[in-house]
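1. no sequence on this one, just coordinates:
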């Protein structure tokens, strides 16, 4: 059941004793519970360590179900839709005092054990929200009382709802609990949110509306991947920056989203200006990518195609694997987000799995997009048979989650993964069905080195016509693209310090003074070539005689 409101109503009606909502959006979670209880004619009680147990304001015990027609409607929203109820609770939460209970707290209910003892004596049907209860769940008396209350509630229409950013329940409670996930808002919800925030701000500020429905749609698109509270803050700041809902808001909310995702520590927006034309060689890979351009669009679906899943680019270091990942997004005109592998692991048990699940959720909301995973082997370095002894099985579970997502996802998220050591990758990761293809990037051949020299000389504001490429190309044999660029920069530093122009001779001297990776890691490169010979597609066109 995808609609969290409908699922919550089912859980309450079926006498589920405890529901856990793991979310940082406490306000949204509480509003969702209030709507569900209003439609079910049930009272809501809220508890916090600061206020104790209080009767939630705004909903009478015997109130009739709230009519969505009493609130503003988003454009083209069908009657009774979830978007209308979204607007209703957004508007109600914007009213003064709507965020806090209106009734006085019940005496002697501030302590966790006290409130649970009080709940055990209550006979009224209703829903009881316990805020930030994860901070008290380790206390033995709290666990015992919570278990007693849950067992009693399972025979009546009474439900405890625990809201917390993250929670790990004791084993005694796991059989009594259902989890309710709050999905990230879709475009329709975000569009409604833009209108609600503008209407609310217009009551206290003089604002201008300078964009049409297409502009509001663009703002909503740029907010995808954020929680509702994050989106609301981004919209408010962007509107008040210009005192208008104007075209500049479209780019401002995108910048705000990039900063928010960067601070989340899992995904980072990458600005990319590269295209496939900025990469020398790799013609087979370029052709493969060109064939899949636009395959996420509706016309491709009508044709019977599914969006491409992704590609692994492996090979020699410094040969443009990471540049290819950035160029894919630039060429396809899609947002590029990088998976920060160093931030996904957490010291607490279970938190790593929750983070990877959140990452997948955010990535799908950004679709169509390119997800860049650099050095894929480092993400699953400990996922072998001894994972349980080395990291309590975290890497194995992480791999399982990733494989399931790669296999089952329907959103147009193209995974561009790079690898320097494919032997370290689990075999189940590189089979067809997870990634579409496995490409091997070798040291550039003569044709590719010519293209690299032309591209890099032009990038450094040097005219390729002033250099003798017929000398530079053979002199750079067995050099990677990164090593060629480094030699050019060395020659430029030398020329700058001596106040002389960069010449073919100075570049040749820089090349001769460089010991390439093909010499220092010759055995590893040959082993990688042998492995890929019948297991991967060569990214470059057939080698020419040199």
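-> All right, it came through fine. Keep in mind that what you see is a predicted model, and the values were worked out from it rather than measured. Residues are numbered from 1 along each chain as shown.
2. helices of the stretch 301-450 of the chain, start to end?
-> For the stretch 301-450 of the chain, the helices defined by DSSP state H, counting those that start in this stretch cover 321-332, 351-365, 376-379, 387-391, 394-408, 446-459.
3. what is the second one packed up against?
-> Packed against helix 351-365, as judged by 3 or more C-beta pairs under 8 Å, 6 or more residues apart in numbering; DSSP states H and E, are the following elements: strand 267-269, helix 394-408. For glycine as for every other residue, the C-beta is placed from the backbone atoms N, C-alpha and C.
4. what mean pLDDT does the last one have?
-> In this case it means helix 394-408. Average pLDDT, helix 394-408: 81.
5. show me what that helix is packed against.
-> When contacts are defined as 3+ C-beta pairs under 8 Å, 6+ apart, helix 394-408 packs onto helix 351-365, helix 387-391.
6. how about the helices and strands packed on helix 351-365 in CSV, adding distance to residue 375 and mean neighbour count?
-> Formatted as CSV, the helices and strands packed on helix 351-365 follow (distance: least, C-beta to C-beta, whole Å; neighbours: other C-beta atoms under 10 Å):
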stretch, distance to residue 375, mean neighbour count
strand 267-269, 15, 20
helix 394-408, 15, 17
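7. do you know which of the ones you listed lies nearest residue 133?
-> If you check each of the helices and strands packed on helix 351-365 against residue 133 by C-beta to C-beta, helix 394-408 wins as the nearest, at 25.9 Å.
8. related to what we said a few turns ago, got the helices and strands packed on helix 394-408 as JSON lines, with mean neighbour count, distance to residue 198 and mean pLDDT columns?
-> Putting these into JSON lines (neighbours: other C-beta atoms under 10 Å; distance: least, C-beta to C-beta, whole Å; pLDDT from 0 to 100) gives the following:
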{"stretch": "helix 351-365", "mean neighbour count": "18", "distance to residue 198": "22", "mean pLDDT": "78"}
{"stretch": "helix 387-391", "mean neighbour count": "15", "distance to residue 198": "48", "mean pLDDT": "48"}
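9. right, and the ones you listed - which one's nearest residue 404?
-> Closest among those, using C-beta to C-beta: helix 351-365, at 9.4 Å.
10. chain center to that closest one: distance?
-> Centroid separation for helix 351-365 versus its chain: 6 Å, with C-alpha atoms, centre = their mean, to the nearest Å.
11. quick check: angle from that helix to helix 394-408?
-> Angle, helix 351-365 to helix 394-408, by axes from the mean of the first three to the mean of the last three C-alpha atoms, to 10 degrees: 20 degrees.
12. separation between the spatially most central residue of the chain and residue 437?
-> Closest to where the C-alpha atoms of the chain average out (C-alpha atoms, centre = their mean) is residue 362, at 3.2 Å. Distance, residue 362 to residue 437, by C-beta to C-beta, to the nearest Å: 25 Å.
13. quick one: the helices in the stretch 51-200 of the chain, in order.
-> Under DSSP H, counting those that start in this stretch, the stretch 51-200 of the chain gives helices at 82-93, 112-121, 140-153, 187-202.
14. okay then, goodbye and thanks.
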